[in-house]
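Colleague: Only the shape, not the letters, is given here:
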């Protein structure tokens, strides 16, 4: 069976697919294209639970992929993720306010290499690192 085609304007950004304020991905991204950097404030809602009380690792991967991808888009134009490597360093309790950072490091032809991390809002705890 073929997947149904979405009508123009009938799609939804993946991170905004959960209805209900505060239930899923609550975030705001701040991009500096000239500095090749993006900062994102992120607060995972209760629908992103993995282990009881903790944010699912897939939700952390999704916000990292979106932050890195948005940064890459600003640096290089149309892009898709070819490889995403994440080191999970500390669990993220649901409702925690986080700072997600993305930085474009270099370009080699069509490839854009980025790094990113997820920190607690206080800046002390690193929850995940990604390339």
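Modeller: Alright, I've got the coordinates. Fair warning: this is a prediction, and the values are worked out from it, not measured in the lab.

Colleague: Please tell me how far residue 109 sits from residue 72.
Modeller: 14 Å (C-beta to C-beta, to the nearest Å). Every C-beta, even on glycine, is put in place using the N, C-alpha and C of the backbone.

Colleague: Can you pick out the residue with more neighbours from these two?
Modeller: residue 72 (23 against 5; other C-beta atoms under 10 Å).

Colleague: which residues sit in contact with the more buried one?
Modeller: Going by C-beta atoms under 8 Å, 6 or more residues apart in numbering, residue 72 touches 79, 104, 112, 114.

Colleague: secondary structure element for it?
Modeller: Using DSSP states H and E, residue 72 sits in helix 57-76.

Colleague: picking up where we left off before, turn the contacts of residue 72 into a markdown table, including pLDDT, distance to residue 21 and secondary structure.
Modeller: A markdown table is the format used below for these (pLDDT from 0 to 100; distance: C-beta to C-beta, whole Å; DSSP: H, G, I helix; E, B strand; the rest coil):
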| residue | pLDDT | distance to residue 21 | secondary structure |
| --- | --- | --- | --- |
| 79 | 93 | 30 | coil |
| 104 | 97 | 32 | strand |
| 112 | 95 | 33 | strand |
| 114 | 98 | 30 | strand |
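
Colleague: So, low pLDDT: which residues of the chain?
Modeller: Scanning the chain for pLDDT under 70 picks out 1-3.

Colleague: center of the protein - which residue?
Modeller: residue 63 (1.8 Å; C-alpha atoms, centre = their mean).

Colleague: Since that was my last question, I'll sign off now.
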